[in-house]
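>>> Just to be clear, the model below is a prediction. Sequence and coordinates:
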Amino acid sequence: MQRLFMFCVLPFFISCQDMNNSVDKPVESKETKELSINNPVITDVFTADPAAIVHNDTVFLYTGHDIAPNDFNFYKMEDWLVFSSTNMVDWKSYPVPLKVDDFKWAKADAWAAEVIEKDGKFFWYVSVEHDDTKPGKAIGVAVSDSPTGPFEDALGKALITNDMTTATNIRWDDIDPSVFIDDDGQAYLFWGNTVCYYAKLKDNMIELDGEIKTIDLPNFTEAPWIHKKGDNYYLSYAYQFPEKTAYAMSKSIEGPWEYKGILNEVAGNSNTNHQAIIEYKGKDYFIYHTGGIQPNGGSFRRSVCIDELNYNEDGTLQRVIMTSEGIQK
Ligand code: FUB
């Protein structure tokens, strides 16, 4: 009899209790999962001006390195850094792979740079201050057999100097190189400040192939980045100052470029905004910098952050939402 109660009556009793509970009690809220705070992605040094490539299923993140003292309100940058990750969250660091001093003809300012792989070699295009023989900013190129270096000057002189570009009189218009290899194998270098320049590169990646041209983009400040998705080319860039990121689209790397609007707002307490865009394991990422490490972070002590990038069906880009959480594992 006792057994009969347990097997037949008790379940019925429990289920009536459940019904009563669901009527009388408010529905409990679903458990919310606490997300990790993953931005900035590097927190032991200041990192700026990100560029990134995917090689052998690994992301290599190349950054500038802000070392300005807390009371110094301009850039102090002497070398570039490299990190790698296979999940966009955990980043491995390496010995310093490239310094201004590695370019004998340069005297200062390890400003924005970008790396590309071609035929098993890694070419790193950098902005620096030329020595007094050719005043102004200049673009150099270093090369290595490994994505993490060591890199060495590939040319022994600058690839671009201030006297080669005359669309503006300023001495800092030859900065922020962005390199892109089109589907037919032709490589292009884009760069500029105030004026956006581009030129073809020869197959050896260390000589220009033909004339330097300009692209007319609204409020172009600096930091061009070229990427392609499907049959669309995208030219994103720093817009106005303090800088937002804007972008233009084209069906050809040679243009015409159609301005599409703002992609990212002013990046918090950093007056510059410098982006890299990559696709990795089927997802798209927007890599940028803020002054997010406190108390001393800011325009001259920046830190690289990563958030998702989303495309609309027509290929246009959704505005980036900068988050503290960043990318979750
Ligand atoms: O980091 C120095 C300069 O600030 C870069 O070359 C620009 O893109 C801006 O981020």
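All right, it came through fine.

>>> right, and the secondary structure at residue 101 would be what?
Three-state call for residue 101 (DSSP: H, G, I helix; E, B strand; the rest coil): helix.

>>> first vs last residue of stretch 180-199, how far apart are they?
11 Å (CA to CA, to the nearest Å).

>>> Pull out the buried residues from stretch 219-232.
220, 221, 222, 223, 224, 225, 226, 227 (16 or more other CB atoms under 10 Å). C-beta: built from backbone N, CA, C; applies to glycine.

>>> same check, this time on stretch 60-77
60, 61, 62, 63, 64, 65, 66, 67, 68, 75, 77.

>>> which ones among those are found in strands?
60, 61, 62, 63, 64, 65, 66, 77 (DSSP state E).

>>> restrict these to contacts with the ligand.
The subset of these lying close to the ligand, counting by CB under 6 Å from any ligand atom, consists of residue 64.

>>> of all the ones in strands among the buried residues of stretch 60-77, which comes closest to the ligand?
In terms of CB to the nearest ligand atom, no member of these lies closer to the ligand than residue 64, at 5.1 Å.

>>> List the residues that contact that closest one.
47, 48, 49, 77, 80, 81, 110, 111, 112, 113 (CB atoms under 8 Å, 6 or more residues apart in numbering).

>>> The ligand contacts on the stretch 1-150 of the chain?
Taking CB under 6 Å from any ligand atom as the criterion, the stretch 1-150 of the chain approaches the ligand at residues 48, 49, 64, 75, 111, 112, 127.

>>> and the second one, that one's in a strand?
This points to residue 49. Yes: using three-state DSSP, the assignment for residue 49 is a strand.

>>> Please look at it and residue 274 and confirm they touch.
Yes: assessed by CB atoms under 8 Å, residue 49 is found in contact with residue 274 at 4.6 Å.

>>> sorry, back to before: farthest-apart pair in the buried residues of stretch 219-232, please.
221 and 227 (18.9 Å; CB to CB).

>>> Pick out the residue closest to the middle of this structure.
Centroid-nearest residue in the chain: residue 276, 2.5 Å away (criterion: CA atoms, centre = their mean).

>>> how far away is it from the ligand?
Residue 276 is 11 Å from the ligand, where distance means CB to the nearest ligand atom, to the nearest Å.
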